[in-house]
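1. Okay, predicted coordinates and the sequence, questions at the end:
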Amino acid sequence: MPQLEIQLIAVVAAVACALPGAFLVLRRVSMLSDAISHSILPGIVLAFFITEDLNSPLLILGAAATGVVTAGVIETLSRTGRVREDAAIGLVFPILFSIGVILIARYAGGVHLDVDAVLLGELAFAPFNRLEFGGMDAGPKALWVMGAILLANLAFIAIFFKELKLSTFDPALAAALGFSPTLLHYLLMGSVSLTAVGAFDAVGSVLVVALIVGPPATAYLLTDKLSTLLALSAGIGATAAISGYWAAHLADASIAGSIATAVGLLFFAAFLLAPEQGVVAGIKRHRSHRRRFAQQMLLVHLLHHEGTEEAALECHPDHLQQHLRWKEDIASIAIKSALQDRLVEHDDGILRLTRQGRALARETMLA
Amino acid sequence: MADRTAIEVRDLTVAYRDKPVLWDVDLDLPAGVLMAIVGPNGAGKTTLIKSILGLVTPAAGQILVNGAAYDVQRRSVAYVPQRGSVDWDFPTSVLDVVMMGLYGRLGWLRRPGKAERETARHALSKVGMADFADRQISQLSGGQQQRVFLARALAQNASIYLMDEPFQGVDATTERAIVQLLQELRSQGSTVAVVHHDLQTVPEYFDWVLLLNVRRVAAGPVHEVFTEENLRATYGGRVPYLREAALEPPAAPFRLERAAGSE
Amino acid sequence: MNLSFPIELDFTLRTVALGAAILGIVSGTLGTYAVLRGHSLLGDAISHAALPGIAIAFLLTGIRSPFVLVLGASVAGWVGALLVLAVTKRTRVPYDASLGLVLSVFFGFGMVLLTFIQRMPSGNQAGLNNFLFGQAAALLPRDVIVMSALGVLALITTLVLWKELKLLAFDREFGSAIGLPMRAIDVVLTTLLVVAIVIGLQTVGVILMSAILIAPAAAARQWSDRLGTIVVLAALFGATAGVTGALISAATPLLPTGPTIVLCAGAIMLISLFFAPQRGLVAQGVKNRRNRKNLRELGVLEDLYTLARQHKNPLHPHQAVVLRTMTSGPESVAPGLVGLEKRGWVRSAGRDSWALTPEGYVAADLEFAKWNMDPAAGAER
């Protein structure tokens, strides 16, 4: 049934993208995915001119090569020292993409490659392009292609896991140990290219980027372990794929766009709610730190001035704010919480340390 | 020696993401003094400078410059940031950079004119860079870059100078020249506070020193304050190698500490 | 190229050319600041983020007026920029990942809205689709008026805030220290960037806008080291790319505008990269070759000089074969000798032997005597 097949394709594509994507995000080269997914367009078109067959595996490989070449061109351009790395990216891919668009417009008009499809793919049509196997229907071609690519990516990551991990977190050490970081980089770029080409037909360039960057970025807010990151990225990608599909189905809108939006919403949820990295957790933590911090400041201050001549002045609650220019909120938090925790008590108008308060103040001083 | 206080810091506390970077720091820096600010990485040295300049909001405490708030006294304070804080490939000339020090005076619509150019050239000649006025800053060596930053500060005609690691990565000749310049400024009555990384040269270059490690450990004239005990307290027992003439001979061998990165 | 236009197209052409010129000038100018600050890809993110803004503006108002759409694009672009900043500041997600995220998600959402609009009976989809790749030929005079107004505003602001923007790009913290409101100025610059992008969207489209921001500025950088010159050149290059691309695209069938303009900009960039004096790769290559040649000749000169000083007659000829044994690069001896002969510093003494000329001896002396420990050197001079 087409509905199931579409979702399957989307999920497979999402997982296939998430795997290399995790490394792109960690290596801080996420925008290379944008560059590659756009620049493979002329590769696909040229390969199509050569093979005359949209279904040829040669097309896929040829186009994927373009992606790797693009990464190389960007690198070379920035190596000249005349153009910064980010400017190089922002220059090269639009130029290549433009070449691709012009080629399509002028020479391939009407042969299944049209402009909208380039950006969004057409997942809805994917089930209609089927793979024939000895006269038997073996399912949508896109599923087979993406499935193969998914396996290739899995294999790549499984085989090179240690090297990828090391070169991502400590490239200098990796190089010193003899793992060529350049080789790994270009292998990774190859993986991204292949994935982008494979997914192109079904989901288009934009969604490829969303699936490569989004789920790993989301997972990055949820875990510190690389293997967990990979698994979570795949899971989040799959979730976005399915939920995006259903939203598109119900609203009768673009599936790819919908999935991209779903990626965004999942990220936003993690952005807010992630248990340690999320904004809400951060606010809570900020509050509790501030409370403790303000308390400590107050206790130490009181300890310094305890029993001195100026105690009457220095230990007066208003003094903290007016004279010492403590920020108002810190002063009031400090006093309130110290009173609450019985570290401090009122004594004839001024604040005085309790025994626990004094002990804590001393502890803070030694820290 | 003037009995004015150039910079007064009271109970300064600065936190970054709720971790204290400076805690309860007090300082009374008299005018006309050349002071080094030393401490290990993360001690808050740069943060102290930035707090005085109003670039960082403290959690508590008060800073007075020449007896008033910084906003009022801005014109009398000149800042020399770390050299690495800018991209030296930026398309601008040496003279241009120095003139940037005068932008504060010009107001919104005025362009730098002849007077400003003259002031800038004068400042450049004080650091020996007058011939480089039209040079692209990307063509400068490290020492030259540092001198340009100094000239920018000199152009402001301030009475207080705050400098962040001006000797970092600078050749020996330039270092000597800079020290001479600083001491000249001091003898003209200016106050100079310098974040300094090389303990060896503190007694030689500076009159005063502030030992900082989140808290103020000690501050005052070098010969009084720059002691082994204070250094140990500042560096937590692992004091970078020092020439023995600077202190009494150590009882136990010092461990070499590598300072990596900046604060 | 077919250049015979009916009268109406003349007017359209003028409109197109004007619109493209404005686009080029403003993008070139503000692109310079974006590139210098390392915000090249932020332009990419902002332009993709503008798409849903355009769609929403249309959905809310039902009008395809340039003013409304520009407003929608600006708001969305700004929101995108803010989100990138917020994510980068508050989480450990790196800057480039935030860019990629905002870019693709906003764009995807925009496409959802666009397909939505497509289904609507009132949805004049053609108008909105132009924002993908641009359709300069569809520019109306009212579009150009809005673009001009915004463009002029942006340029005037840049001029007025010239020194503040320079300081912002070079040393923002110092600016704060001397009392300038750098945060506000930063907001102004980002707004100007959004304006520049929004102006270009109708002509070049969302996807390719970043190239129009970057290419003229990157090209201009190769020709000059002064900010003022770079900005002017970038504006010029931008306008050239815009007008040329728009005209070619309008005159040629099946050639979408955006990509054509981008290719023109790319051509300008390539030419600048290779042929700019001093910074250009060709000029650099020539300089390198000249340096290598000099070094080669100096090497041979030094060896000849050494031989000469060991001989009673310093101008006595020596066999080239001896020279070849003295150096680790024997293949450089022959060309070195040729070059030295051209300078008049050596002369051929027949049968592959060569001697220093008196001029050559003097030159060698000047060059190498300073390294010579031989006390005889002092006596000779």
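-> In hand now; what should we look at?
2. all contacts plus neighbour counts: C-alpha atoms, from now on.
-> Fine.
3. From the centre of chain C, give me the residue that's furthest out.
-> Centroid-distance maximum for chain C: residue C:312 at 59.5 Å, with C-alpha atoms, centre = their mean.
4. For the residue of the stretch 201-350 of chain A found nearest chain C, which non-adjacent residue is spatially closest?
-> Closest approach of the stretch 201-350 of chain A to chain C (C-alpha to the nearest C-alpha) occurs at residue A:257, with a separation of 4.0 Å. Excluding the flanking residues, the one nearest residue A:257 by C-alpha to C-alpha, 6 or more residues apart in numbering or on different chains is residue C:108, at 4.0 Å.
5. Looks to me like that neighbour is in a strand.
-> No - applying DSSP: H, G, I helix; E, B strand; the rest coil, one finds residue C:108 to be helix, outside a strand.
6. Point me to the residue of the stretch 51-200 of chain C nearest chain A.
-> Closest point on the stretch 51-200 of chain C to chain A, by C-alpha to the nearest C-alpha, is residue C:108, at 4.0 Å.
7. Just to check, that residue is in contact with residue A:206?
-> Yes - counting by C-alpha atoms under 8 Å, residue C:108 touches residue A:206, with 6.8 Å between them.
8. Pretty sure residue B:99 sits against residue B:122.
-> No - contact criterion C-alpha under 8 Å: residue B:99 and residue B:122 do not qualify, at 11.0 Å.
9. which phi and psi does the residue of the stretch 201-350 of chain C found nearest chain B have?
-> Scanning the stretch 201-350 of chain C for proximity to chain B using C-alpha to the nearest C-alpha identifies residue C:225 as nearest, at 4.8 Å. The phi/psi pair for residue C:225 (degrees, to the nearest 10) reads phi -110, psi 10.
10. quick revisit: which residues are common contacts for residue B:99 and residue B:122?
-> Common neighbours of residue B:99 and residue B:122, using C-alpha atoms under 8 Å, 6 or more residues apart in numbering or on different chains, are residue B:155.
11. Tell me which of the two has more neighbours.
-> More crowded of residue B:99 and residue B:122, by other C-alpha atoms under 10 Å in any protein chain shown: residue B:99, with 24 against 17.
12. residue contacts, whichever residue of the stretch 101-250 of chain B sits closest to chain A?
-> Relative to chain A, the nearest point of the stretch 101-250 of chain B is residue B:215 (10.0 Å; C-alpha to the nearest C-alpha). For residue B:215, the contacting residues are B:22, B:23, B:24, B:25, by C-alpha under 8 Å, 6+ apart.
13. go again using 6 Å as the cut-off
-> Counting by C-alpha atoms under 6 Å, 6 or more residues apart in numbering or on different chains, residue B:215 touches B:23, B:25.
14. Could you measure from it over to residue B:26?
-> Going from residue B:215 to residue B:26 by C-alpha to C-alpha, to the nearest Å gives 9 Å.
15. circling back: was I right to think the residue of the stretch 51-200 of chain C closest to chain A contacts residue A:260?
-> Yes - Residue C:108 lies in contact with residue A:260 (C-alpha atoms under 6 Å); the separation is 5.2 Å.
16. ok, for the residue most central in space within chain A, nearest residue in space, not its chain neighbours?
-> Taking C-alpha atoms, centre = their mean, the centroid of chain A lies closest to residue A:217, which sits 2.0 Å from it. The shortest distance from residue A:217 to any non-neighbouring residue, by C-alpha to C-alpha, 6+ apart, is to residue C:93 (6.3 Å).
17. one step back: measure the residue of the stretch 201-350 of chain C closest to chain B to residue A:249 for me?
-> According to C-alpha to C-alpha, residue C:225 stands 55 Å off from residue A:249.
18. Comparing the two, which residue is more hemmed in?
-> For residue C:225 and residue A:249, the more surrounded residue by other C-alpha under 10 Å is residue C:225, and the numbers stand at 20 against 15.
19. Quick check: pLDDT value at that one.
-> pLDDT, residue C:225: 91.
20. cool, and residue C:191?
-> Residue C:191 carries a pLDDT value of 94.
21. and it, what element?
-> helix C:182-204 (DSSP states H and E).
22. Which residues of chain C lie near chain A?
-> Those residues of chain C that sit near chain A, judged by C-alpha under 6 Å from any C-alpha of the partner chain, are C:40, C:96-97, C:100-101, C:104-105, C:108-109, C:111-112, C:115-116, C:208, C:211, C:254, C:259, C:263.
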